[in-house]
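Asker: 3D, please:
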Amino acid sequence: MPPDVPSDSRDPDASAAARGDGAASGARPVDPGAATPSGDGAASSTRGQPRPDTSAFAPPGPGSETEQGNAPLDDGLEAVEPGRDFEGPRQEQTGFDPLAPYRGAFKRFFTVYRHVLGLLLGGVLAYVRALPPGEQGGFNHLPARFAAFCARPVVKSDLRDLPFAKQLRRRLEILGPTFIKLGQIMALREDLLPAPITGELSSLLDQLPEVPFRQVRRILERDLGRPMHELFRRVRKEPLGSASIAQAHLAETMSGDKVVFKVIKPGIREVITSDLKLLEAVGVLLQWLLPRYQPRQIIEEFADYTEKELDYRYEADNAEIFAANFADTDGIVFPDIYHDLSTGDVLTMEFLRGLKPGSDEALALDEATRERVVDLGAEAIIRMLYQDGFFHADLHAGNLVILPHTGDPEQPVQVGFIDVGMVGRFGRKVKRRLLYYFYALVRGDVENATRYLLEMARLGEGADPQGFRRAVGDLVRRFRMQGARSELSVAQLILESLSLGGKYRVFFPVEMTLMVKALITYEGVGRTMEPEMDITKVSRRHVERIFRRRFDPRKVGKELMSNAPELVDLAVDLPQLLAEGAGYFEERINAPPPSTAPLNGVRSGILAGAFVVGGSIAAVGGGPWFLWAPLFLVALVLAIFGRR
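Answerer: Numbers count the residues shown, from 1 in each chain. I've put the predicted structure just below:
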């Protein structure tokens, strides 16, 4: 998903871990009560070892919501004093309500449908305006031009002259946070939607104001059940980032750990839940009008991710799953989760402070360290996708942190992944197919690459899988003609292959496009850090390692053992099944026709005779053997098996 923290985030010391938004996919919520024995804010570590302090290594200056500035880490942290307004867990009212314009089910219903109809009419205007000059007069496109004439006074004056993509973006921004998040999901579906629309939606602006700290404090105390001065020693009141769903702040625990806590903004859950119900009805209408673009599928995927995004227990669980998956790799780290300072509405995590990819400090690292960063990134992403089947689905450069000077001479740099709220999952079968597909791509095996890709697709009504296969094959061959040059982008090749699906009514799950986003991020960061490095070669090395591991005899043996009960049952039942099948076939061949029903089989006899006549005509007329031979064969089958 595109970054959800506004680009004018005021704190230059903000880590991307501070972003307030993220969505989970299918993760099981953890128990918010599963706190560590320590009650003073000690971390429930998922790594088992203390993280080195890299506070001195920070890129300069603000400019991005995900940058970490070069200001001292303690800058802005204020001691937490005992408050007078703590009212315990029952404290609910906070006063600040920026969501008031989006409340009211009845009013909201008509507002949404007014914008949907306005967008449809604006689309007619954009279509007519885009016609070539020679087709805008006379009787050319007369119904569309008449509809545009009638619609023009109805459409908002500041939108009617804009291209359709800009109209869509502006209306989503007007409708508020739920629809902005929907637009961000739509921006990912380059396999379903036209490029002008996805490109325009990638610039959606999230303009919901930040929550005053007084209200943030009340949310913390309400959810954690303790006064704030018992939770944190110091807190920065200015937010690191404020997005549509959540807001993040830097803090220091009672034990002295630097952390980031995120809180769900008050009222946002009710607004989004209400909007999702309206979107379901909108999806039915749009599916009827625009079935090619699969609007209902996009809305269902959006609802699934967003509902999980509103519960931070999913993100906490995701972080621990990632940490467990990479426990054997010291160079790849994820933030520890503080369970005793987290609930469904509050998430407290370790603050990973390091270098942003592309910053001057990162580019000033020596060549060996930069190459190691690229190698670690490739290992992490390819392993997530093709070995674990559990991957970071909101991956962009702001969610990567380079941690140099770890103190370990054998591991001079680490790569950290943050904001793991949105994840993708692949089942075992899809994961294997993806591995074979990617392996075929990096080796230049066109035929197998197109075959494996098609096996992962869902065929829509009127699909042309063979046409899709030919088109993808031509595309892969075109990319191969570029040779092994470093500018060859495997991710771009996969994306263009998926984009061909809509034309041939061949559709792919949203996880496929999220996978491409992860690969594009890796390739972009790799070329920024080391422009002369052959990214495809690095990818090939790591995917070959996973491929060899996939066919390791010990691993294959374990998989066979996991399916041993079914194999044993089949082996035991196989003789009986073969005997029953042979007996049935013998009975059908040798059974005499029943004498009590002389007319049985007349229909089959007539059909058999028709096929014999047809075959004879084709054979006598000099037709090819593959035309008349099947006719005789069908006649023989009807004569043998159609006697009953």
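Asker: And the strands in this protein?
Answerer: In the chain, the segments counted as strands under DSSP state E are 77-79, 232-236, 241-242, 246-253, 258-264, 332-333, 346-350, 390-392, 400-408, 411-417, 423-425, 458-459, 506-507.
Asker: could I get those as JSON lines with mean neighbour count, distance to residue 631 and mean pLDDT?
Answerer: Just so you know, the C-beta spots here come from the backbone N, C-alpha and C atoms, and that holds for glycine as well. Formatted as JSON lines, these follow (neighbours: other C-beta atoms under 10 Å; distance: least, C-beta to C-beta, whole Å; pLDDT from 0 to 100):
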{"stretch": "strand 77-79", "mean neighbour count": "14", "distance to residue 631": "87", "mean pLDDT": "72"}
{"stretch": "strand 232-236", "mean neighbour count": "20", "distance to residue 631": "83", "mean pLDDT": "92"}
{"stretch": "strand 241-242", "mean neighbour count": "28", "distance to residue 631": "73", "mean pLDDT": "80"}
{"stretch": "strand 246-253", "mean neighbour count": "26", "distance to residue 631": "70", "mean pLDDT": "91"}
{"stretch": "strand 258-264", "mean neighbour count": "25", "distance to residue 631": "70", "mean pLDDT": "93"}
{"stretch": "strand 332-333", "mean neighbour count": "24", "distance to residue 631": "64", "mean pLDDT": "92"}
{"stretch": "strand 346-350", "mean neighbour count": "26", "distance to residue 631": "70", "mean pLDDT": "94"}
{"stretch": "strand 390-392", "mean neighbour count": "25", "distance to residue 631": "54", "mean pLDDT": "91"}
{"stretch": "strand 400-408", "mean neighbour count": "19", "distance to residue 631": "65", "mean pLDDT": "78"}
{"stretch": "strand 411-417", "mean neighbour count": "21", "distance to residue 631": "64", "mean pLDDT": "86"}
{"stretch": "strand 423-425", "mean neighbour count": "23", "distance to residue 631": "51", "mean pLDDT": "88"}
{"stretch": "strand 458-459", "mean neighbour count": "14", "distance to residue 631": "31", "mean pLDDT": "86"}
{"stretch": "strand 506-507", "mean neighbour count": "22", "distance to residue 631": "34", "mean pLDDT": "86"}
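Asker: Of all the ones you listed, which one is nearest residue 635?
Answerer: strand 458-459 (33.9 Å; C-beta to C-beta).
Asker: Identify the residues contacting the closest one?
Answerer: Residues from elsewhere that reach strand 458-459, judged by C-beta atoms under 8 Å, 6 or more residues apart in numbering: 465, 505-509.
Asker: and with 6 Å instead?
Answerer: Strand 458-459 is contacted from outside by residue 507, using C-beta atoms under 6 Å, 6 or more residues apart in numbering.
Asker: Equivalent analysis for stretch 178-193, please.
Answerer: Contacts of stretch 178-193 (C-beta under 6 Å, 6+ apart): 1-2, 172, 198, 201-202, 204, 206, 244, 272, 275, 293-294, 302, 306, 498-499, 501-502, 508, 513.
Asker: Any of these buried? List them.
Answerer: Those of the contacts of stretch 178-193 that meet the buried threshold are 1-2, 172, 198, 201, 204, 206, 244, 272, 275, 293-294, 302, 306, 498-499, 501-502, 508, 513, by 16 or more other C-beta atoms under 10 Å.
Asker: just to revisit the earlier point, now the strands of the chain as a markdown table including distance to residue 359?
Answerer: A markdown table is the format used below for the strands of the chain (distance: least, C-beta to C-beta, whole Å):
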| stretch | distance to residue 359 |
| --- | --- |
| strand 77-79 | 23 |
| strand 232-236 | 22 |
| strand 241-242 | 18 |
| strand 246-253 | 19 |
| strand 258-264 | 19 |
| strand 332-333 | 19 |
| strand 346-350 | 21 |
| strand 390-392 | 21 |
| strand 400-408 | 9 |
| strand 411-417 | 14 |
| strand 423-425 | 26 |
| strand 458-459 | 42 |
| strand 506-507 | 39 |
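Asker: Out of these, flag the one nearest residue 471.
Answerer: strand 506-507 (9.8 Å).
Asker: which helices and strands does that closest one pack with?
Answerer: Contacting strand 506-507 under the criterion 3 or more C-beta pairs under 6 Å, 6 or more residues apart in numbering; DSSP states H and E is no other helix or strand.
Asker: Could you list the buried residues of stretch 522-541?
Answerer: By neighbour count on 16+ other C-beta under 10 Å, the buried set for stretch 522-541 is 522-530, 533, 535-536, 538-540.
Asker: Among these, which pair sits farthest apart?
Answerer: Longest span within these, C-beta to C-beta: 528 and 540, 20.4 Å.
Asker: Just the ones of the contacts of stretch 178-193 in helices?
Answerer: Using DSSP state H, the members of the contacts of stretch 178-193 that fall in helices are 172, 198, 201, 272, 275, 302, 306, 498-499, 513.
Asker: Brilliant, that's me finished.
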